[in-house]
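K.L.:
build the 3D model from these lines:
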Amino acid sequence: MTTLPLDPARIRALFPAFAEPSLRGQAFFENAGGSYTSQAVLTRLDHYYRATKVQPYGVYPASHEAGAAMDLSYERLAQALNVTADWIHFGPSSSANTYVLGNAFAGWLKPGDAIIVTNQDHEANTGAWRKLAKAGIEVREWLVDPQTGRLSLAALDALLDSKVRLIAAPHCSNVAAEINPIAEIAARAKAIGAVTAIDGVSYAPHGLPDLQALGADIYFFSAYKVYGPHQGIMAIRPELAQALPNQGHYFNDAKLRYRLTPAGPDHAQIAACSGIVDYLETVASIAGDSVEGADPFRRAHAAMRAQEIALATPLLDYLRQKNSIRIIGPDNPTSRAPTIALGLSEPGAAVAARLARHGIMAAGGHFYAYRLLEALGIDPNHGVLRLSFVHYTSAEEIQQLIAALDAELK
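P.N.:
Purely as a prediction, here's the structure:
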């Protein structure tokens, strides 16, 4: 394995889970379902519940502090994503956020307008948009290649015309995991006056992107998969957020933060989310001069990706040699996230249960990518085995996984 830009011991020391006695010897390969929480986030969450568990934005000191802690998360996440704080919206989950967005777009689009969705996505970024067909919106499907699971730009181009108002696509699939060319997709959308809604849930754990460079109008992800609490985070171009019909209380119409979050936000978890950004800055500091980047967040992104590519290389090398295994998506670690789904003769969940005897925490199923599995000729009820990891995974855990797979896959 090539030299790692991040010292695993220093990185893992920032996560209490790695010091938890009950988890000793257990290698976590279900990170795509939710990552371990960093100490920076837990510290902020603990302080909020101890000192400021009151209504924020009031007239007394604890309330002032509570509101300031929430405001800090809006500002810090915007900084990490290279946008302004008025881009940032919180909700209970990414699925809930896209459901609200779907309702908002139903009042913004007109009958006869067209939208483009994919069958590569998690259902959260395809199902909510497909419901717009009931409002007279034409839904066009950008289909994956049934052999590779890939979305081609040529197939997208064939769907584009002046009727298209929205393109909804994943930054990377939570099963196929190929990193899609979002900047090129966004440029195509802008050329015809359309907007883009990008599902970053499966990409963001591997480094928060520069949204100005991507050019997306909407980018959403789940904080609990990015070392934080269970919240959904949406970044929306402010002009678009203001143009969409208000989904909140009518008297909050002028308050941008409230317009697309009809339910009351979880104050403590919002405040804790600035700990995600604290953690990314620490990652950049640990990486030092081993990677390049214009700011700590771009350096953290580069270091996390380099670490993951180095870790994925021996695993993919091993899997390629197994004729009984179908690797879903590319087998090149540089073009995919380290979320590696395997098509097997056995149901994925059955194999995951056997791997657990070897201290491997993994999972099997369809992972809400039901349409993708159908397109690939895999029964969603049979499912795939999914092995997902991030930069804090160690080289020793990769070898533990390979040994377990060798014992259980014939």
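
K.L.:
need the pLDDT of the nearest residue to residue 60 once chain neighbours are set aside.
P.N.:
Of all residues not flanking residue 60 in the chain, residue 54 sits nearest, at 7.9 Å (CB to CB, 6 or more residues apart in numbering). All C-beta atoms are positioned from the backbone trio N, CA, C, and that covers glycine. For residue 54, the model assigns a pLDDT of 96.

K.L.:
partners of residue 218 in the sheet?
P.N.:
residue 197, residue 236 (DSSP bridges).

K.L.:
who's in contact with it?
P.N.:
Residue 218 makes contacts with 101, 195, 196, 197, 198, 234, 235, 236, 237, 240, as judged by CB atoms under 8 Å, 6 or more residues apart in numbering.

K.L.:
what do you get if the cut-off is 10 Å, keeping everything else the same?
P.N.:
Shown in contact with residue 218 (CB atoms under 10 Å, 6 or more residues apart in numbering): 87, 89, 97-98, 101, 105, 125, 166, 168, 195-200, 211, 234-237, 240-241.

K.L.:
now do residue 239
P.N.:
Listed by CB under 10 Å, 6+ apart, the contact set of residue 239 reads 86, 217.

K.L.:
give me the phi and psi angles of it.
P.N.:
phi -60, psi -40 (degrees, to the nearest 10).

K.L.:
re the thing from before, the residue nearest to residue 60 touches residue 69, doesn't it?
P.N.:
No. Residue 54 lies out of contact with residue 69 (CB atoms under 10 Å); the separation is 11.3 Å.

K.L.:
before we move on, the earlier item: sort out for me which of the contacts of residue 218 are in helices.
P.N.:
Among the contacts of residue 218, the subset assigned to helices under DSSP state H consists of 97, 98, 101, 105, 211, 240, 241.

K.L.:
what's the first helix or strand after the longest helix along the chain?
P.N.:
Counting by DSSP H, the longest helix found in the chain is helix 296-320. The helix or strand immediately downstream of helix 296-320 is strand 326-327, counting by DSSP states H and E.

K.L.:
state the mean pLDDT of that next one.
P.N.:
On average, the pLDDT along strand 326-327 is 98.

K.L.:
with stretch 150-163 instead?
P.N.:
Rounded mean pLDDT across stretch 150-163 is 98.

K.L.:
for the most centrally placed residue in the chain, list the residues it contacts.
P.N.:
Closest to where the C-alpha atoms of the chain average out (CA atoms, centre = their mean) is residue 201, at 1.5 Å. Applying CB under 10 Å, 6+ apart to residue 201 gives the contacts 32, 93-95, 121-122, 124-125, 170-172, 174, 220-222, 225-226, 232-233.

K.L.:
related to what we said a few turns ago, can you say which of the ones in helices among the contacts of residue 218 are buried?
P.N.:
Listed as buried from the ones in helices among the contacts of residue 218 are 97, 98, 101, 105, 211, 241; burial here means 16 or more other CB atoms under 10 Å.

K.L.:
ok, now how distant is the residue nearest to the centre of the chain from residue 274?
P.N.:
Residue 201 is 20 Å from residue 274, where distance means CB to CB, to the nearest Å.

K.L.:
buried residues, stretch 54-63. List them.
P.N.:
Here stretch 54-63 shows 54, 56 as buried, counting by 16+ other CB under 10 Å.

K.L.:
could you do stretch 396-410 as well?
P.N.:
Buried, per 16+ other CB under 10 Å, within stretch 396-410: 397, 398, 400, 401, 404, 405, 408, 409.

K.L.:
where does the prediction get shaky in the stretch 101-250 of the chain?
P.N.:
Across the stretch 101-250 of the chain, nothing is flagged by pLDDT under 70.
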